[in-house]
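[1] generate coordinates for the sequence data below:
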Amino acid sequence: MTPLKVGDMLYLCSPHQILFALDAATGKEKWRFDPGLKTDPSFQHVTCRGVSYHESAAAAAAKDESAQRALPACARRVILPVNNGHLFEVDAATGQRCAGFGNNGDLDLQHLQPVTTVGEYEPTSPPIVTDKIIVMAGAVTDNYSTREPSGVIRGFDVETGQLVWAFDPGSATPNAIPDDHHTFTSNSPNSWAPAAYDAKLDLVYLPMGVKTPDIWGGNRTPQDERYASGLLALHASTGKLAWFYQTVHHDLWDMDLPAQPTIADITDRNGNVVPAIYAPAKTGNIFVLDRRTGTPIVQAPEQPVPQGAAEGDRVSPTQPYSQLTFRPAKNLSGADMWGATMFDQLACRVIFHRLRYEGPFTPPSENGTLVFPGNLGMFEWGGLAVDTDRQLAIANPIALPFVSKLVARGPHNPIQPPENGQGGTGTESGIQPQYGVPFGVELNPFLSPIGLPCKQPAWGYVAALDLKTNQVVWKKRIGTVRDSAPVPLPFKMGMPMLGGPMTTAGHVFFIGATADNYLRAYSTDTGEELWRARLPAGGQATPMTYEANGKQYVVIAAGGHGSFGTKLGDYVIAYALPDK
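    Got it, this is the predicted structure:
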């Protein structure tokens with residue numbers, strides 16, 4: 001979770017979507033709002049990446065105290081997505097529900113969904129909010145079945161919650177709004193990561209996933225994949241398509257776009273200002289597009305990829321390879337296998353040679369396929385941080401292979417879900433049922449017998465990109481195994497991360513994210529580590545910074561991450577330079 005600062009208040013949410021308002025200078029709690037989420041072990045996600053904010057024109061114009069006191073309730077409002085498929089609005093000053101929005105401040109996002117099982121549709125990222133519209137997307141349970149909710153993207157009136165438009169990526173007519181006798185399209189590709197918005201163009205940019213089940217696609221039609229695994233640009237006021245750019249064809253690896261794309265105006269070598277958007281992908285590619293048209297600014301030519309799909313499936317003959325990339329320079333080999341002990345290394349090499357692996361995009365198989373970049377991706381939801389003054393981007397790519405193994409149907413692997421209707425698997429790793437298709441799948445990180453990655457370090461980096469030349473300026477390992485290894489290895493290994501960096505105008509950037517419990521500060525110019533603070537729990541969040549009463553604060557949520565295995569906690573911590 002990354003807090004949101006408005007005025008002298010911080011707004012933030014817990015994994016169970018309890019909404020807090022804090023004094024930005026002191027951290028003192030002003031109010032809290034509990035939406036009453038009741039979780040279940042079948043929930044695949046229990047998380048809240050943040051909240052959104054809206055203020056009326058009258059509130060924006062109210063400069064003095066008397067004008068502000070005269071404002072009606074909910075002239076300033078906070079928008080909270082909840083994992084059970086609801087969206088709440090509360091007054092930003094009091095935390096009281098906005099009575100005119102939905103049903104007493106509560107909007108049911110399950111309306112017109114083909115499946116309404118709680119936990120199968122989860123809005124885990126804050127929506128985009130324009131002056132009039134809330135643009136809401138959400139996660140759909142990965143790899144459960146062929147009968148799941150729609151990944152439909154919707155625009156709601158910010159004050160009433162009235163549905164204004166819909167874009168259903170799996171429908172033949174995406175903008176059609178169903179009635180009480182028809183629903184949105186089951187299993188439409190979904191957008192679970194944060195979106196971005198260009199107010200001048202009135203375009204919202206949504207990173208798209210694939211139609212689930214993810215790891216077998218023999219049942220998918222061209223219509224199913226028309227807007228899958230790529231960047232979708234919609235007119236925020238109407239929901240009409242502006243453009244779509246696909247980053248993976250016929251995705252069989254869950255290689256969706258996992259991060260909020262970054263908007264930046266870049267001056268190229270010829271002095272031209274280019275309105276760009278940067279979309280980091282799990283594949284390690286960074287796709288750079290003209291955000292007006294979706295035309296590539298950095299070329300991404302199609303290249304042949306390994307063939308030989310599982311029975312009943314197919315593989316795209318080529319995939320786009322951006323020329324701006326952190327993808328591996330070469331394929332892995334037995335010599336790349338690593339271990340904390342000789343036994344560990346030997347075991348990893350034996351396992352490696354038993355798996356199918358022909359480089360990126362090796363198709364899933366019943367024998368077991370090494371997936372590298374892995375299902376977690378080289379980029380995750382943290383995204384990039386851009387210093388627009390210096391035309392630099394800070395990235396934190398990771399390098400953690402996964403293993404996927406298709407499991408054919410049989411007596412202990414039925415094709416239909418259980419009759420009790422239990423939804424979800426409660427996890428994105430381990431055995432995934434994929435009901436309705438010929439195979440289940442087992443997904444796991446490629447780890448040694450003692451639980452460390454089989455690939456030799458590093459497993460995570462921080463790096464700077466020159467956005468004028470699209471060249472890597474520097475790249476350095478980040479993190480140790482202090483908080484994750486069964487044996488003490490305190491040296492810098494380069495750790496996997498969940499969360500992103502944050503840059504400042506002082507040529508410093510901050511990052512938590514690593515699997516060890518630290519918040520670190522680095523020089524944007526050189527990559528030199530300048531400072532670190534020990535966190536009481538895992539810092540799997542993107543930090544933020546703000547000024548209050550003349551002092552600059554850096555804030556991070558240290559809550560840990562369940563599936564990442566870091567220490568759990570309930571901390572929000574602010575740092576600042578000492579007073580002089």
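
[2] stretch 21-41: end-to-end distance?
    Taking CA to CA, to the nearest Å, stretch 21-41 runs 29 Å from one end to the other.

[3] residues in contact with it?
    3, 5, 8-12, 16-20, 46, 78, 80, 82-84, 86, 88, 90, 92, 94-95, 97, 106, 118-119, 424, 426, 546, 548-549, 551, 553, 572, 574 (CB atoms under 8 Å, 6 or more residues apart in numbering). All C-beta atoms are positioned from the backbone trio N, CA, C, and that covers glycine.

[4] now which of those residues would you call buried?
    Buried subset of the contacts of stretch 21-41 (neighbour count, 16 or more other CB atoms under 10 Å): 3, 5, 9-12, 16-20, 46, 78, 80, 82-84, 86, 88, 90, 92, 95, 97, 106, 118-119, 424, 426, 546, 548, 553, 572, 574.

[5] just those residues: which are in helices?
    Using DSSP state H, no member of the buried ones among the contacts of stretch 21-41 sits in helices.

[6] which of those fall in strands?
    Among the buried ones among the contacts of stretch 21-41, DSSP state E puts 5, 9-12, 19-20, 78, 80, 82, 86, 88, 90, 106, 546, 548, 553, 572, 574 in strands.

[7] do you know the pLDDT at the residue nearest the centre of the chain?
    With distances taken as CA atoms, centre = their mean, residue 381 lies nearest the centre of the chain, 3.0 Å away. Residue 381 carries a pLDDT score of 92 in this model.

[8] and residue 428, by the same measure?
    pLDDT, read off for residue 428, is 65.

[9] mind listing what's buried along whichever helix in the chain runs longest?
    Longest helix in the chain, counting residues (DSSP H): helix 342-354. Using 16+ other CB under 10 Å as the test for burial, helix 342-354 gives 344-345, 347-349, 351-352.

[10] of those, closest to residue 432?
    residue 351 (20.3 Å; CB to CB).

[11] how near is the closest one to residue 401?
    For residue 351, the distance to residue 401 equals 11 Å [CB to CB, to the nearest Å].

[12] go on, residue 34?
    Counting by CB to CB, the gap from residue 34 to residue 401 is 41 Å.

[13] between these two, point out the one with more neighbours.
    Shown here are residue 34 and residue 401; by other CB atoms under 10 Å, residue 401 has more neighbours (24 against 11).

[14] doesn't residue 289 make contact with residue 274?
    No: between residue 274 and residue 289 there is no contact under CB atoms under 8 Å: 10.2 Å.

[15] what touches both of these two?
    residue 297.

[16] of these two, who's got more company?
    Neighbours per residue (other CB under 10 Å) separate residue 274 from residue 289, with residue 289 holding more: 23 against 16.

[17] within the helices and strands, which one has that one?
    Residue 289 is part of strand 286-290 when elements are defined by DSSP states H and E.

[18] for that strand, packing partners?
    If you count contacts as 3 or more CB pairs under 8 Å, 6 or more residues apart in numbering; DSSP states H and E, strand 286-290 packs onto strand 273-280.

[19] report all helices and strands that the strand it packs on contacts.
    Judged by 3+ CB pairs under 8 Å, 6+ apart, strand 273-280 is in contact with strand 203-207, strand 262-267, strand 286-290.

[20] sorry, back to before: need the residues touching each of residue 351 and residue 401.
    446, 454.

[21] what pLDDT does residue 496 get?
    pLDDT, residue 496: 87.

[22] oh, I was asking about residue 345
    At residue 345, pLDDT is 92.

[23] is it true that it touches residue 336?
    No: counting by CB under 8 Å, residue 345 stays clear of residue 336, with 10.6 Å between them.

[24] coming back round to it: distance of the residue nearest to the centre of the chain from residue 498?
    7 Å.
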